[in-house]
Each structure stands twice: as structure tokens, then as C-alpha cells.
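Asker: With the sequence up front, the predicted model follows.
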Amino acid sequence: MASEKNRIITIANQKGGVGKTTTAINLATALAAIGERVLIVDLDPQGNASTGLGIDRRDRKLSSYDLLMGSHGILETVVETAVPNLYIVPSTMDLLGFEMEIAQKSDRVFRLRRALQQDEALAFSYILVDCPPSFNLLTMNAMAAAHSVLVPLQCEFFALEGLSQLLETVGQIRQTVNPALDIQGIVLTMFDARNNLAQQVVHDVRSHLGEKVYHTLIPRNVRVSEAPSYGKPAILYDLKCAGSQAYLQLASEVIQRERQRKAA
Ligand code: ADP
Ligand code: MG
């Protein structure tokens, strides 16, 4: 079981390009802005969260690979970002080897959980894990280590189909390695109000999943897509843009759900 003293949220969707990394970076920044100490664990070998937060490859001497291998702990692998209160365990291409190196080990799914269960993880009130775009061993590690899963869903035709696969996977994880795993929520991303199909997808997802879907819709916004090339979260790059404002609103919904859960 993960500790009750902090919250570990895995950001997952087996599809690429749906807004996982953008959500990890901007949700983390919004939480850090209100004074939470936040850690992102970059579990994607592509390292987009690390690059998007301006972490130079030369500053990735240690990475999430070392954390998973158990050779180094969080405080050794963590790097400070330009955002106050926001830290990251960056990733490197080393992660590509993790699956092969670890496939035969009986604790292969529990590597991240073990690292995040150390007392040093309590230095962070929120830990967000950015997953690669597949149901591989890295994503399994992220789901085994988390309190909850937050699912970014792009407003497009196959959204619901992909979502049901993902919810099935969460169900399997619950039955096997992490019975307490919760769905934090589903966030609809890259929403374009002028697109009828997007409107229909929002309607369908809400009618299937009701309250699990956040009220906040993340709009498609060019400022959000520009920000990573400056090594900055959109919220720092352009706080006023519609995308940044939506991510701030999402953060308040996430916090509200955490409060409700604690009160229950
Ligand atoms: P994933 O991590 O799921 O692969 P990303 O967060 O990297 O997805 O997003 C995929 C691409 O879409 C990136 O180029 C990103 O900058 C862009 N993007 C993400 N969210 C938005 C948005 N709200 N508006 C415009 N572009 C976005
Ligand atoms: Mg990504």
C-alpha cells in the first residue's frame, strides 16, 4: 500500500499524443504554485517531461532508470526545476533497457513502488508519474505505485474505445497488485469548441463516466504547444492563455477531490 501522507498520481493513457506530459507538467506547476511540494517522475524514455521543464541532458546523470533499478534513491536522482517547489526525476533512453533487464525478476512490477515508499518520498506532498504511451512494464510500475490514475483523453473519435481498454487495465491492476488504486479522474484535452465531433465526444464520455470526468475542459491552445520548446510549463510561459487557465482550474478540481476523499 502507498502511504497516506502524500498522494501519488499516475498520468496514464496507452495512446501517444493525448496530453499526458502536458498535463503532468502543468498540473504539477499549478499545484506547486499554491505551495505544495511536487515531484514529477518521468517514466517515458522519450523524456518529454524532463525536456519540457528545461532539464538539460547533461543534468541527467542519474534518472528514473536508476530509481527503478534500486541503485539510487529519490533524493539522489531528483533535479530541481525553474519552478519553485517543483522537482523532477528525469528520464533518459536508459529506460528502454529496463524492461529487458528486469523481465525475469519477481519484483519487476514493484520497482517504483519500493522507491516511492521510502521516507524521503514524504518530502513531496504530490508525486505525479508521467507514463509512456503503452501498457508496458513501466506503466505497470506506475500503476502499482500510485494511489490513483489520472487519464487525459483527447476529444477524438476513438476516445471511448481506448478509455475502456485503460479502465480494464486499471481493473486488472486492482485485482492483482494494487487493490486500492482509484481513478482520480478523466480530463478531456485539446478540446476545440468549433468541432462538432469534439462536442459529441465530450457528451459521450460524460454520459458513460459521469462524475469521474472533470468539469474542466482543456482547450486546444497554441501557447500550450509552444511552451515546451522554451523549456517552460505553459503556466509560466503564458499564464493568461486559455490553456494555462484551464490547467489551474483542473488543479483546483484535483485538490477538491482529494479533500472530499479525506473527509469521506
Ligand atoms: P503525450 O504525453 O500523451 O504523448 P503530450 O502532452 O506530449 O502528449 O502532447 C502531444 C502534443 O500535443 C505535444 O506537441 C503538445 O505540445 C501538444 N498539446 C498538448 N496539449 C495541448 C493543448 N491543450 N493545446 C495544443 N497543443 C497541445
Ligand atoms: Mg508524453
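Answerer: That came through fine. These numbers were taken from a predicted model, which means no experiment stands behind them. Ligands and ions are numbered 1, 2, ... in the order given.
Asker: neighbours of Q172, just the number please.
Answerer: 13 (other CB atoms under 10 Å). In short, each C-beta sits where N, CA and C put it, glycine included.
Asker: Please tell me how far it sits from A198.
Answerer: The span separating Q172 from A198 equals 30 Å under the rule CB to CB, to the nearest Å.
Asker: so what's the closest residue in space to V177 that isn't next to it in sequence up against?
Answerer: Setting aside the residues directly before and after it, V177 is nearest to A144 in space (CB to CB, 6 or more residues apart in numbering), at 4.6 Å. A144 makes contacts with 109-110, 112-113, 173, 177-178, as judged by CB atoms under 8 Å, 6 or more residues apart in numbering.
Asker: most surrounded residue in the residues you listed?
Answerer: In terms of neighbours by other CB under 10 Å, those top out with L112 at 25 neighbours.
Asker: Surely L217 forms part of a strand?
Answerer: Yes: with DSSP: H, G, I helix; E, B strand; the rest coil as the criterion, L217 is assigned to a strand.
Asker: That one reaches F191, doesn't it?
Answerer: Yes: in this structure L217 lies within contact range of F191 using CB atoms under 8 Å: 4.5 Å.
Asker: intersection of neighbour lists for those two?
Answerer: What both L217 and F191 touch, as defined by CB under 8 Å, 6+ apart, is the set V202.
Asker: Over to the residue nearest to V177. Which of the three states is it?
Answerer: Classification of A144 by three-state DSSP places it in helix.
Asker: mind checking the SS state of L150?
Answerer: The assignment at L150 comes out as strand when based on three-state DSSP.
Asker: Identify the residue nearest it in space, chain neighbours excluded?
Answerer: In space, L150 comes closest to Q184 once its chain neighbours are excluded; the distance is 4.4 Å by CB to CB, 6+ apart.
Asker: How about the residues of the stretch 1-150 of the chain by ligand 1?
Answerer: Where the stretch 1-150 of the chain comes near ligand 1, counting by CB under 6 Å from any ligand atom, the residues are 16-22, 48, 133.
Asker: ok, now with 8 Å
Answerer: If contacts are counted using CB under 8 Å from any ligand atom, the residues of the stretch 1-150 of the chain sitting beside ligand 1 are 13, 15-25, 44, 46, 48-49, 52, 130, 133.
Asker: what sits up against the helix or strand in which D66 is found?
Answerer: Following DSSP states H and E, one finds D66 within helix 64-69. Helix 64-69 is contacted from outside by 41-43, 72-74, 76-77, 89-92, 94-95, 97-98, 101-102, 111-112, 115, 141, using CB under 8 Å, 6+ apart.
Asker: now, which of the residues you listed lie within helices?
Answerer: Within the contacts of helix 64-69, membership in helices is found for 74, 76-77, 95, 97-98, 101-102, 111-112, 115, 141, as judged by DSSP state H.
Asker: Please, a PyMOL command that selects the buried ones among the residues of the stretch 1-150 of the chain next to ligand 1?
Answerer: Here is the PyMOL command that selects only those of those that count as buried (16 or more other CB atoms under 10 Å):
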select buried, resi 13+15+18+19+20+21+22+23+24+25+44+46+48+49+52+130+133
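Asker: ok, the closest residue to E36 other than its chain neighbours - how many residues close by?
Answerer: In this structure, E36 finds its nearest non-sequential neighbour in S125, 4.7 Å apart by CB to CB, 6+ apart. Other residues lying near S125 total 17 when counted by other CB under 10 Å.
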